[in-house]
Structure formats: structure tokens, C-alpha cells
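Engineer: Got a predicted structure here, sequence first:
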Amino acid sequence: MLHLTLRQLEYVVTVARAGSLSGAATTLNVSQPSLSVALGQVEDTLGEKLFIRSKGAPLRMTMFANLFVAEAETLLAMARRLEDPATIQRAVNGTVVLGCFEDLAAYHLAPILRLLRKTLPGVEIIWKIADFETLAREMREGRISLSLTYDLGLDSGFNRIALSAVAPHAFVAADHPLADRPTLALKEIATEPLILFEEMLSNRHTLQLFRNQGLSPTVAHRVRSLEIMRSLAAYREGVGISYGCPPTDRSYDGAKVRAIPITDRSARESIILARSVAAPTSSVVKAATAAIAAMFTDRQASGGSAL
């Protein structure tokens with residue numbers, strides 16, 4: 001017999017995401033007292049505390065809650081798939097929905113699509129470019145079959161196939177004092193104003209690379225696109241940091257910009273193919289996964305760049 005309902009699981013997950021009872025109550029369109037009572041009932045059923053609530057302090061999740069929420073999210077995603085006939089029909093009909101992280105799409109999406117159309121004739125190939133959070137959510141819900149992304153922010157609810165590892169580059173103006181350097185270390189740019197992506201996980205990851213070395217850089221700009229980052233760097237608005245590196249030394253408006261590899265081993269990041277453990281895997285998704293993995297293996301064997 002089940003003692004917890006899907007609605008109760010949804011309450012717990014929403015509170016965890018919102019970080020407060022008031023924010024979760026607004027999202028769920030319920031009163032805060034009702035939500036508080038419902039959480040208490042869940043905690044009583046589990047015999048475990050989920051949230052630590054102190055007056056005047058932010059809501060904190062217990063260690064048990066972190067594990068519980070991850071499992072609850074997987075279960076809720078499965079429930080949503082059961083309510084969506086289109087998701088089930090795609091698995092039956094032979095459809096691959098490929099997700100691709102924004103930063104990787106410009107380099108890999110077109111050759112992957114060409115490969116899949118050649119390898120899987122007759123299979124419908126749908127693609128979507130999105131940020132980390134959207135890719136993870138839609139893989140859990142079965143809306144995306146597999147995703148090409150960096151290994152950031154994914155929990156044990158996802159299978160991963162490592163395709164390659166890439167180093168970030170620092171983008172500086174052609175007349176910047178660091179422009180003639182063949183390589184750079186993070187500590188050498190920690191005092192420079194930085195230009196980072198505004199995407200939350202990407203931003204947090206880059207800053208953590210510095211903090212792991214006891215460095216505290218200043219962020220001058222947060223941008224949505226690599227080309228805006230390169231343009232700002234070309235005009236000495238700061239030093240851009242990105243794992244993507246276009247094969248050109250000019251920004252869109254023709255200003256010169258230098259891309260210098262960052263050599264810290266800790267800064268290297270894996271490009272992966274990710275798939276939800278809970279999602280059903282059709283034969284065509286397995287075939288697509290194998291084809292993409294083989295493409296990266298062949299590219300590395302021939303000396304090609306991951307980006």
C-alpha cells in the first residue's frame with residue numbers, strides 16, 4: 001500500500017526548488033498554512049525531518065531530504081510521461097529527440113543531425129537547444145531522448161557516456177597585456193574583470209574553479225552568447241572564459257580578439273551524452289547513442305578537435 005500521494009511528493013519537490021514555503025505556496029496555488037500541514041504529514045509518514053525551519057533564516061534541506069527529493073523528482077517525471085500519450089507514441093514510432101546545450105550546438109548539432117539522418121533513415125529526428133536545467137527536466141519527463149551537454153548539474157538519475165574532455169579558453173583583446181601568452185593559468189587572470197555566461201550552472205562552475213584555488217575574481221559582465229562575450233573582450237571590457245572557441249580571431253564587428261587556452265587540469269570539462277535512467281529506451285535511441293559516440297571517437301582518432 002502506498003502511503004504518500006503524488007500531490008504530496010509535488011509539494012515536497014516544489015518547496016525544495018523554491019527554497020521557501022511562501023514561494024512554493026504561490027507556485028502551487030495553495031495557502032502557506034495548508035502547505036506547512038501537508039509537509040508535516042509527509043515527515044510524519046516518513047519518520048524523517050525534511051526541512052529545517054528557523055525564524056528569520058532561509059529554509060534548509062536535511063541530508064535525507066536531498067536524497068528524497070531526487071527520487072521524488074524521478075517518480076513525478078515518470079507520472080508526467082504516463083499522462084502524455086505523445087511521449088509513449090514517440091517510443092513506439094521510432095523518434096529521437098536530441099537535446100543540445102547552447103554552447104555546444106554551434107559546433108556539433110549540424111554534423112550530428114547529418115549523421116543520424118544517414119544512420120537512421122526513416123526515423124524522425126527532433127532537436128532542441130536549451131540550458132542545463134531545461135535539458136535535465138525534459139529528459140526526466142521523457143520529452144528529450146538524450147542530450148549532448150557538459151557534465152554539470154546532473155545527478156545519479158542520468159546515464160552518461162563521456163565523449164571528450166575540453167579545456168576552457170580565455171578571450172582577451174589583441175592589445176591586452178596577456179594577448180601574447182601561449183597559455184594561461186586561472187591564477188593569472190583572477191585579478192582581471194571577468195566576462196562569464198549568465199546561465200546559472202555555467203556561471204557557478206566557472207567561479208568555483210577559481211574558489212577551489214582560494215581565488216576571488218570579480219565579474220564585470222554576464223552574457224547570454226559567446227559572440228557578445230568575445231565582442232566585450234575585444235574592447236577590453238574584461239577577460240571572457242568559455243569552453244567554446246570559434247576558429248576565428250575576429251568578433252562580429254571585426255575587432256581582433258585572442259583565444260588563449262587555460263591549462264589548469266581542474267578546469268577541463270567532459271562533454272557527455274546523457275539520458276534519464278527512468279526513461280524508456282527504444283532501439284533507435286540506443287542506435288543514435290552509439291552513432292554519436294562513434295563519431296566523437298573517430299574524430300579524436302583523426303586528431304580532430306572536440307570543439
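Structural biologist: Sure thing, it's come through. Bear in mind the structure is a predicted one, so any value in this text is a computation, not a measurement.
Engineer: Which stretches in the stretch 51-200 of the chain count as helices?
Structural biologist: 63-82, 85-93, 102-119, 132-140, 186-189, 200-211 (DSSP state H, counting those that start in this stretch).
Engineer: so which of these gets nearest Ile126?
Structural biologist: Ile126 sits nearest to helix 85-93 of all these, at 8.4 Å, using C-beta to C-beta. From N, CA and C alone the C-beta is placed, and that goes for glycine too.
Engineer: Check the spacing between the closest residue to Ile189 other than its chain neighbours and Phe68 real quick.
Structural biologist: Spatial nearest neighbour of Ile189, excluding adjacent residues (C-beta to C-beta, 6 or more residues apart in numbering): Val239 at 5.1 Å. According to C-beta to C-beta, to the nearest Å, Val239 and Phe68 sit 41 Å apart.
Engineer: Which of those two has more residues huddled nearby?
Structural biologist: The neighbour count for Val239 versus Phe68, taken as other C-beta atoms under 10 Å, is higher for Val239 (27 against 20).
Engineer: Wait, the residue nearest to Ile189 touches Ala173, no?
Structural biologist: No. At 9.1 Å, Val239 and Ala173 do not qualify as touching, with contact defined as C-beta atoms under 8 Å.
Engineer: what's the overlap in contacts for the two?
Structural biologist: Counting by C-beta atoms under 8 Å, 6 or more residues apart in numbering, the shared contacts of Val239 and Ala173 are Ala233.
Engineer: could the helices of the stretch 51-200 of the chain go into TSV alongside distance to Tyr11 and mean pLDDT?
Structural biologist: Shown next, in TSV, are those (distance: least, C-beta to C-beta, whole Å; pLDDT from 0 to 100):
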stretch	distance to Tyr11	mean pLDDT
helix 63-82	10	83
helix 85-93	24	55
helix 102-119	32	93
helix 132-140	18	90
helix 186-189	42	97
helix 200-211	24	92
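Engineer: hmm, back to that, what is the residue nearest to Ile189 paired to in the beta sheet?
Structural biologist: Residues in a beta bridge with Val239, per DSSP bridges, are Leu194.
Engineer: Quote the end-to-end distance of stretch 110-126.
Structural biologist: End-to-end span of stretch 110-126 (C-alpha to C-alpha, to the nearest Å): 12 Å.
Engineer: Contacts for it, please.
Structural biologist: Contacts for stretch 110-126 (C-beta under 8 Å, 6+ apart): 90, 93-98, 100, 127, 148, 284, 287-288, 291-292, 295.
Engineer: Tell me the one of the residues you listed nearest Glu188?
Structural biologist: Using C-beta to C-beta, these come closest to Glu188 at Leu148, 31.0 Å.
Engineer: Please work out which residues outside stretch 250-262 touch it.
Structural biologist: 167-174, 176, 178-179, 181-186, 189, 227, 230-231, 233-235, 241, 245-246, 249.
Engineer: Buried ones among those residues?
Structural biologist: 167-173, 176, 181, 184, 186, 189, 230-231, 233-234, 241, 245-246 (16 or more other C-beta atoms under 10 Å).
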